[in-house]
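Undergrad: Need a 3D model of the sequence below.
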Amino acid sequence: MSIANHKFSHISDAANPTSIPLTTLVQRIQDEIIALTMLSAEVQIALGPALAATATLPTSVQRSLQAIDRLHQTLDDLQRVMGHISAHGSTEEIDTSALSELINLRHLAHKLFDNVDTPFALSADDSGEVAWF
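TA: Numbering: from 1, shown residues only. All right, here's what the predicted structure looks like:
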């Protein structure tokens, strides 16, 4: 058996079923997203003292910090969506109005529910200032 085949051979073992309930999978995804949300919060907390000691930050650094904050908010919104889906079981369709109320980032709700494939991008206006939320 090749290494590549061995790597995934456990998936079809009798001890491990080849399918799981959708609600179980959604709950597991939510758990992982919660862990990532907590990690992004830890990064923000760790950067706090270093940033407090800095008199000025370049615009590029400010944009990167804004991106970390956006990452944290997006992960938090997604974990709430996954929790809502998990709690409502496996149905073919779900009411988006209830989900939309759980989401703080309006661009994320728009992307999820309005079939928009355009990625969100941080931008600055012509003056070079950071475009804060």
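Undergrad: Run a quick check on residue 84 versus residue 98, I expect a contact.
TA: Yes: between residue 84 and residue 98 there is a contact under C-beta atoms under 8 Å: 6.8 Å. In short, each C-beta sits where N, CA and C put it, glycine included.
Undergrad: the bottom helix or strand of this structure by mean pLDDT?
TA: Ranked by mean pLDDT, DSSP states H and E, the helix or strand of the chain with the weakest confidence is helix 3-9, at a mean of 47.
Undergrad: what secondary structure does the residue nearest the centre of the chain sit in?
TA: For the chain, residue 75 is the residue whose C-alpha lies nearest the centre (C-alpha atoms, centre = their mean; 2.8 Å). State at residue 75, reduced to three classes by DSSP: H, G, I helix; E, B strand; the rest coil: helix.
Undergrad: How about it, nearest residue that isn't a chain neighbour?
TA: The spatial neighbour of residue 75 that comes closest, neighbours along the chain excluded (C-beta to C-beta, 6 or more residues apart in numbering), is residue 37 at 4.2 Å.
Undergrad: count of neighbours near the one you found?
TA: Residues lying near residue 37 (other C-beta atoms under 10 Å) number 20.
Undergrad: and it, that one's in a helix?
TA: Yes: counting by three-state DSSP, residue 37 is located in a helix.
Undergrad: who are the neighbours in contact with it?
TA: Neighbour list for residue 37: 72, 75-76, 79 [criterion: C-beta atoms under 8 Å, 6 or more residues apart in numbering].
Undergrad: if we go to 10 Å?
TA: 71-80 (C-beta atoms under 10 Å, 6 or more residues apart in numbering).
Undergrad: How about residue 68?
TA: Taking C-beta under 10 Å, 6+ apart as the test, what residue 68 contacts is 40-41, 43-44, 47.
Undergrad: Of those, select the buried ones using a PyMOL command.
TA: Selection of buried members from the contacts of residue 68 for PyMOL, criterion 16 or more other C-beta atoms under 10 Å:
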select buried, resi 40
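Undergrad: Could you save the contacts of residue 68 as JSON lines and add columns showing secondary structure?
TA: Formatted as JSON lines, the contacts of residue 68 follow (three-state DSSP):
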{"residue": "40", "secondary structure": "helix"}
{"residue": "41", "secondary structure": "helix"}
{"residue": "43", "secondary structure": "helix"}
{"residue": "44", "secondary structure": "helix"}
{"residue": "47", "secondary structure": "helix"}
